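predicted structure and sequence below. I'll ask about it afterward.
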Amino acid sequence: MRLQTGQHMQMGQQMKLAPRMIQCMEILQLSDIALEDRLEQELMDNVTLERRDPGADREQIVKERIQNERDACEGERDLIVGTTSNESKDNQDDFERLTNIAEQYGEEWMSNTTESFQPYQQQGERDGKMDAMNNAAAKCPSLTDQMLQQWILVETDKQTRELGEYMIGWIDNDGYLRTDWQTIFNMAPAQTTSDQLIKTLRLIQKTMEPIGIGARNVRECLMLQINARLNGNGNDNGGHRHNGNGTKGNGNNGNGRHLEDEDENLTIVRKLVDKHLEDIENNRLPKIAREEKLSVEQVQDGIRQLRKFHFHPGRLLVEERPVTITPEAIIEFDEDEDRYVAKMMRGRGSSVHIPQKFIRMVKDKSVDKSTRQFVNQNLKSAEWLIDALKQRDSTMQRILNVIVEAQRDYFENGPEHLKPLPMVQVADQLGIHIGTVSRAVASKYAQTPRGIVPLRMFFSGGITSETGEQISFTAIQNKIKHLIDSEDKTQPLSDDDLVEQLKTQGIEMARRTVAKYRKQLHVPAARQRKEF
């Protein structure tokens, strides 16, 4: 086989995304909160970009727009686009250019720039952002940090203390030690035996609060809590049982009978957890009652007692912060036009602008050339950002208009009346790519007469009922949920029963499809929903 080199010419086509197009797609996909963070970063990085005052005089905005059009006619836009700059300039050059700008335009420019970045301090008012940061809750320490703080107070030898710190590192935020024991043993410090690890784990389970932390499964977690209560040293949070005068009780005080009854109930609960946890999960209450020689009522009461214990004790120490949802748009009924209309909560395209002084600065030949190139580069970046924001507003508004036109029945009658609205259909209707629709509705919400809902909920396929009505898959899920909510809990509807119930409403579906939708709704099977 001969190896040789040569030159060949070949024609071909390639599709490449320009940086400007990539920026537009990124801006479109950002949620409202993420976009606000992006704008704040751009305002700090780009000296030619300023936030427009929400209460700015409309006349002033019109004047700026007219002036921008005049400048465009005179060729400033061509100058901005056509000027090239070296992208490899270091930060020292940037500072020199800013210094040159200050020297060229004096104190007036410096005062205007300062006002744009510190509007509240200049006016003697409070800074809203600083107030929000000061009032924000402090970050909660991690579960590991809190456990290590408890572990420091435990009296033990040096080797056990080090092993305890090692074991605590394996406990997850639920409070469980779920990693395979062999893996923990293999990665333990040298010369460590399995018995030493077991001894250390037992000490962690005995001393850590709340009780149950360090368990390897749900059964062990619950047994730790139940045994602590039975031994008279635990309440719901793993504390001590007290009598009326603040001392530890032993079950022999004036309320002794009550404590004996409680211990008897806890004994039943311990049997349920130790032997029948899987039966409880599958709602086999008669089987449990038969094997333990109890009544079904006693088993039900034991399960009610079991619900008082913590299945994820670690979460009592680690605070789960709620997810903040900011609606992108509001959908409401317009009585004058007799239709639903959608409006963006705040248009981002007009929230920032480029002051005229920077455009004039680029034209001013008396300004140092490197300074003009620096300002010019920032102007071009600012224009791209503003164009991307306006494109985002336009795309979002067009998609919202399609939603309110197609889903009027949902706004008036509820989730069971959602119509099929595939994204490909919306993309064809608007003349855009389906990926653009997907990015536009990702992680975004709208405030509607039915509450705040994700925009993606409105886009789904569907079927045609026997009456010819178009029904979306989301609407079918809601119908299934309604049927289950209204069922007789002593004789819950099986998946076959749900198929028959839907058929009476003109909806023909396979049993496996109904079962899939039921699981997506996180609804257990009929056997597990049955009440005795």
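Nice, thanks for sending it over. From a predicted model like this one, the values you see are computed outputs, not experimental measurements. Residues are numbered from 1 along each chain as shown.

next structured bit after the host helix or strand of W151?
For W151, the element it lies in under DSSP states H and E is helix 143-152. Of the helices and strands lying after helix 143-152 in sequence (DSSP H and E), the nearest is helix 158-168.

contacts for that next one, please.
144, 147-148, 151, 154, 156, 177, 184, 188-189, 192, 196-197, 199-201, 203-204, 214 (Cβ atoms under 8 Å, 6 or more residues apart in numbering). C-beta here means a position set from N, CA and C on the backbone, and glycine is covered the same way.

what's the spacing between the helix holding W151 and its chain's center?
28 Å (Cα atoms, centre = their mean, to the nearest Å).

with stretch 362-372 instead?
Distance, centroid of stretch 362-372 to centroid of chain: 47 Å (Cα atoms, centre = their mean).

repeat that for stretch 485-493.
Remark: stretch 485-493 is offset 34 Å from the chain centroid, using Cα atoms, centre = their mean.

start at 379, not 1
Fine by me, first position is 379 from now on; the one you just mentioned is stretch 863-871.

got the buried residues for that stretch?
E865, P870, L871 (16 or more other Cβ atoms under 10 Å).

of those residues, just say which sits nearest to Q603.
P870 (30.8 Å; Cβ to Cβ).

residue contacts, that closest one?
I862, A904, R907, K908.

and it, how close does it get to L531?
50 Å (Cβ to Cβ, to the nearest Å).

same question, V674
Distance from V674 to L531, by Cβ to Cβ: 46 Å.

other SSEs contacting the strand or helix carrying I604?
Assigned by DSSP H and E, I604 falls within helix 596-608. On a contact count with 3 or more Cβ pairs under 8 Å, 6 or more residues apart in numbering; DSSP states H and E, helix 596-608 meets helix 634-659.

mind checking the longest helix of the chain?
Ranked by residue count, the top helix of the chain under DSSP state H comes out as helix 747-784.

how about whatever helix or strand comes next after that one: buried residues?
Where DSSP H and E defines the elements, the next helix or strand beyond helix 747-784 is helix 786-791. By 16+ other Cβ under 10 Å, the buried positions in helix 786-791 come out as Y788, F789.

quick one: mean pLDDT for helix 786-791?
Averaged across helix 786-791, the pLDDT comes to 92.

what ranges does the protein have for its strands?
428-429, 707-712, 717-722, 730-731, 823-826, 829-832, 840-842, 848-850 (DSSP state E).

I'd like to know which elements the fifth one is packed against.
Just to be clear, that refers to strand 823-826. So strand 823-826, by 3+ Cβ pairs under 8 Å, 6+ apart, packs with strand 707-712, strand 829-832.

out of those strands, which one sits most buried?
Neighbour counts (mean count of other Cβ atoms under 10 Å) averaged over each of these peak at strand 707-712, with a mean of 16.

wait, what's in contact with the closest residue to N643 other than its chain neighbours?
Once flanking residues are discounted, N643 sits nearest to Q683: 5.6 Å by Cβ to Cβ, 6 or more residues apart in numbering. Going by Cβ under 8 Å, 6+ apart, Q683 touches N643, L644, I646, V647.

next one: D714
Contacts of D714 (Cβ under 8 Å, 6+ apart): none.

and the pLDDT for it?
Reported pLDDT for D714: 90.

and the residue nearest the centre of the protein?
V701 (5.4 Å; Cα atoms, centre = their mean).

so how far is I777 from it?
Using Cβ to Cβ, we find V701 at a distance of 23 Å from I777.

likewise L871?
For L871, the distance to I777 - Cβ to Cβ - is 38 Å.

what does E706 give?
From E706 to I777 the distance is 10 Å (Cβ to Cβ).

quick one, which of the two is more surrounded?
I777 (25 against 22; other Cβ atoms under 10 Å).

residue contacts, the more buried one?
V804, L808, V815, A818, V819, L833.

any idea how far A824 is from it?
I777 is 10 Å from A824, by Cβ to Cβ.

repeat for T868
40 Å.

ok, now T891?
29 Å.

the more surrounded of those two?
A824 (25 against 15).

check that one and give its pLDDT.
So A824 comes in at 93 (pLDDT).

between the longest helix of the chain and strand 707-712, how many degrees?
Calculated by axes from the mean of the first three to the mean of the last three Cα atoms, to 10 degrees, helix 747-784 forms an angle of 40 degrees with strand 707-712.

may I see the buried residues of helix 747-784?
749-761, 763-764, 766-771, 773-774, 776-778, 780-782, 784.

likewise for stretch 547-558?
W548, I549, D552, G553, Y554, L555.

any idea how far H690 is from the nearest residue to the fifth one once chain neighbours are set aside?
Nearest non-adjacent residue to Y554, counting by Cβ to Cβ, 6+ apart: A593, 5.9 Å away. Computed as Cβ to Cβ, the A593 to H690 distance reads 10 Å.

compare those two (neighbour count), which wins?
A593 (25 against 16).

please report how far that one lies from T534.
20 Å.

likewise for L899?
49 Å.

between these two, tell me which one has more neighbours.
T534 (15 against 12).

not counting sequence-adjacent ones, nearest residue to that one?
L581 (6.6 Å).

so the one you found touches D535, yeah?
No: L581 lies out of contact with D535 (Cβ atoms under 8 Å); the separation is 10.7 Å.

give me the below-cutoff pLDDT ranges for the stretch 379-528 of the chain.
Along the stretch 379-528 of the chain, the model assigns pLDDT under 70 to residues 379-380, 392-396, 431-518.

ramachandran coordinates for G553?
The phi/psi pair for G553 (degrees, to the nearest 10) reads phi 100, psi 10.

residues in contact with it?
Here G553 is in contact with L521, P588, G590, I591, G592, A593, C599, H690, P691, G692, R693, L695 (criterion: Cβ under 8 Å, 6+ apart).

check it and give its pLDDT.
92.

number of nearby residues for the closest residue to R750 other than its chain neighbours?
Distances taken as Cβ to Cβ, 6+ apart put V740 closest to R750, at 5.5 Å, once the chain neighbours are dropped. Look at V740: counted by other Cβ under 10 Å, it has 19 neighbours.

distance check, V740 against Q755.
10 Å.

do I have it right that T852 meets P832?
No: between T852 and P832 there is no contact under Cβ under 8 Å: 10.9 Å.

which residues touch T557?
W548.

for the closest residue to S572 other than its chain neighbours, give its distance to A820.
Excluding the flanking residues, the one nearest S572 by Cβ to Cβ, 6+ apart is F563, at 5.8 Å. Using Cβ to Cβ, F563 is found at 44 Å from A820.

kindly report the same for F689.
33 Å.

cool, E670 as well?
52 Å.

ok, which stretches of the stretch 479-628 of the chain are helices?
Taking DSSP state H, counting those that start in this stretch to define them, one finds helices in the stretch 479-628 of the chain at 497-500, 506-513, 521-530, 536-546, 559-564, 572-585, 596-608.

CA atoms only for the last one, dumped as CSV, please.
As requested, the backbone C-alpha atoms of helix 596-608 are provided in CSV (Å, rounded to 0.1, in the frame of the first residue of the first chain):
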residue,chain,number,x,y,z
VAL,A,596,-35.8,3.2,56.1
ARG,A,597,-36.3,0.3,58.4
GLU,A,598,-33.2,1.0,60.4
CYS,A,599,-34.0,4.8,60.5
LEU,A,600,-37.5,4.1,61.9
MET,A,601,-36.3,1.5,64.4
LEU,A,602,-33.8,3.9,65.8
GLN,A,603,-36.5,6.4,66.5
ILE,A,604,-39.0,3.9,67.9
ASN,A,605,-36.4,2.3,70.2
ALA,A,606,-35.4,5.7,71.5
ARG,A,607,-39.1,6.5,72.3
LEU,A,608,-39.6,3.1,74.0
